[in-house]
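Asker: what shape does this take:
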Amino acid sequence: MAVQITKVESRKQEKLFVTFPLKLYKDCENYVPALEGDEYDTFNPEKNGAYDFCEADRFLAYKDGKLVGRVAAILNHKADDEQHLVRFGWLDFIEDEEVLRALLDTVTAWGKAHGCVELRGPWGFTDMDKEGLLVEGFEHLSPFTCLYNYPYYDAMLQKLGFVKDVDWTQRTLEVSTELPPMFQFTNLIEDRFKVHVVEPRSMKEMSNRYGMEIFHMYNEAFAPLHGFSPLTDKQIEAYLKTYVPILDKDFVALAVNADDKPVGFLFCVPSLSKAVKKSNGRLFPFGFLHILRALKKNDTLEALIMGVTPEYQQCGVPVLLFKYLHENCIKRGIHTIIMNPQLEENYKVQSLFGDYKTEPFMRRRAYRKAID
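Answerer: Numbering: from 1, shown residues only. Below is the predicted model:
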């Protein structure tokens, strides 16, 4: 029987879209679900500020009367309009080429109707969403902040004519009980460039004082990167409201200059993968207890994001940020840091960790294909 595609329009269909991966990966030990509430909010125009400059539709695939796949089609008018691109994301499907073809043909037709000439993904609305298909590292438990998928995804996409657009790599850093040699220069960096790491009494204090400026700096620092979409003030306010309550000041490093302006930041969070997997992506009735426990007692951090404003990128600011983080990791019993995905050609960032023992962890890939 042919694959049938249905556009998500009802609340029931929305629930099927959100929960389909739980069935697809129910026997996969390394898959970590997204938080169910976050998935609903992402596609709610009243809660996701990206809808101010994006359009999106979601689709479900059925075969023989069974739900067998899902995908989202996204237009980001701020980032992709000049290139006439349509993004695909939230792609999940059974091991059936016919299902994948039907899903992506639907996104292609959707994009073509909007004047697009190329299809790229997996991408989200912006870089704050999960992006990049997993192509290496299937043997590891997925970071809570990243996508996980079965190995057959890559081969099937290639078979349908999709080619590599960009890769992101991830590594793990071993946190030793002694500070690496690179930190011996921190006093020199502080004196020469008049920068230092702030030590707030709480995350609320940091957010109230620097929150908007940090993300304005994020927009500036990340502007040159592939496919980047700057955040609006509306989005920034929403992210601050969502994440400040769960961030720990010991794992958030912020560097400021002599004028008390943010010039670099590093956000990390204790790994929530095991807690979220145990709760199956639901906060209630008991999921939040697993998460609270993981936030307080953990030996692994996930790096969420790091950025340095362009004029300070050659001034050793990352050394200050990592010294602050490393000292707090020792204090809090953290042994491992899982770095966030970094573009493979971003050699500036990848050269920062020479004094650390690192191990390859995962590789992620975005694909592209011209629309005929």
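Asker: from here on, contacts and neighbour counts on C-alpha atoms
Answerer: OK.
Asker: contacts only, for residue 162.
Answerer: 367-369 (C-alpha atoms under 8 Å, 6 or more residues apart in numbering).
Asker: just send these back as CSV, with distance to residue 11, pLDDT and neighbour count too.
Answerer: Output for those, formatted as CSV (distance: C-alpha to C-alpha, whole Å; pLDDT from 0 to 100; neighbours: other C-alpha atoms under 10 Å):
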residue, distance to residue 11, pLDDT, neighbour count
367, 31, 98, 23
368, 31, 97, 21
369, 32, 98, 19
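Asker: closest to residue 314 among those?
Answerer: If you rank these by distance to residue 314 using C-alpha to C-alpha, residue 367 comes first, at 31.9 Å.
Asker: tell me the SS of the closest one?
Answerer: strand (DSSP: H, G, I helix; E, B strand; the rest coil).
Asker: which parts of stretch 361-372 are buried?
Answerer: Buried residues in stretch 361-372, counting neighbours by 16 or more other C-alpha atoms under 10 Å, are found at 361-369.
Asker: out of the residues you listed, who's nearest residue 101?
Answerer: For the buried residues of stretch 361-372, the nearest to residue 101 is residue 369 (12.8 Å; C-alpha to C-alpha).
Asker: nearest residue to residue 361 other than its sequence neighbours?
Answerer: residue 171 (4.7 Å; C-alpha to C-alpha, 6 or more residues apart in numbering).
Asker: residues in contact with the helix or strand where the one you found lies?
Answerer: Taking DSSP states H and E as the criterion, residue 171 maps to strand 163-174. With contact meaning C-alpha under 8 Å, 6+ apart, strand 163-174 is reached by 120, 132, 157, 335-344, 356-369.
Asker: what lies in contact with whichever strand or helix holds residue 16?
Answerer: Element membership of residue 16, judged by DSSP H and E, is helix 11-24. Residues outside helix 11-24 that contact it (C-alpha under 8 Å, 6+ apart) are 8, 33, 36, 39-40, 58-60, 67, 69-70, 92-94, 280.
Asker: quick one: low-confidence ranges for the chain?
Answerer: By pLDDT under 70, the weakly predicted segments of the chain are 1.
Asker: now do the helices in it.
Answerer: Applying DSSP state H to the chain gives helices spanning 11-24, 36-42, 97-113, 152-159, 186-193, 203-222, 233-243, 273-279, 287-296, 317-332, 347-350.
Asker: buried ones in the first one?
Answerer: Which is helix 11-24. 13-14, 17-22, 24.
Asker: wait, which of those is closest to residue 126?
Answerer: Checking those one by one against residue 126 (C-alpha to C-alpha), the nearest turns out to be residue 18, at 19.0 Å.
Asker: please tell me how far the most centrally placed residue in the chain sits from residue 120.
Answerer: Centroid-nearest residue in the chain: residue 130, 4.0 Å away (criterion: C-alpha atoms, centre = their mean). Residue 130 is 14 Å from residue 120, where distance means C-alpha to C-alpha, to the nearest Å.
Asker: got it, and residue 263?
Answerer: Per C-alpha to C-alpha, residue 263 is found 32 Å from residue 120.
Asker: of these two, who's got more company?
Answerer: More neighbours surround residue 263 than the other of residue 263 and residue 120, with 25 against 21 (other C-alpha atoms under 10 Å).
Asker: hang on, that one packs against residue 253?
Answerer: No: taking contacts as C-alpha atoms under 8 Å, residue 263 lies outside contact range of residue 253: 11.0 Å.
Asker: what sits against the residue nearest to the centre of the chain?
Answerer: Residue 130 touches 123-124, 145-147, counting by C-alpha under 8 Å, 6+ apart.
Asker: identify the farthest-apart pair in those residues.
Answerer: Pairwise distances across the contacts of residue 130 (C-alpha to C-alpha) peak at 13.8 Å, for the pair 123 and 145.
Asker: and residue 331, how many neighbours?
Answerer: If you count neighbours by other C-alpha under 10 Å, residue 331 ends up with 11.
Asker: and stretch 337-348, which residues are buried?
Answerer: Applying 16+ other C-alpha under 10 Å to stretch 337-348 flags 337-343 as buried.
Asker: pull the CA atoms of that stretch into CSV?
Answerer: In CSV, the C-alpha atoms belonging to stretch 337-348 read as follows (Å, rounded to 0.1, in the frame of the first residue of the first chain):
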residue,chain,number,x,y,z
ILE,A,337,32.3,17.6,29.9
ILE,A,338,30.5,16.7,26.7
MET,A,339,31.2,19.6,24.3
ASN,A,340,28.4,21.0,22.2
PRO,A,341,28.4,20.3,18.4
GLN,A,342,31.1,22.5,16.7
LEU,A,343,31.4,23.0,12.9
GLU,A,344,34.2,20.8,11.8
GLU,A,345,35.9,23.7,10.0
ASN,A,346,35.7,26.0,13.1
TYR,A,347,39.4,25.4,13.9
LYS,A,348,39.6,28.4,16.2
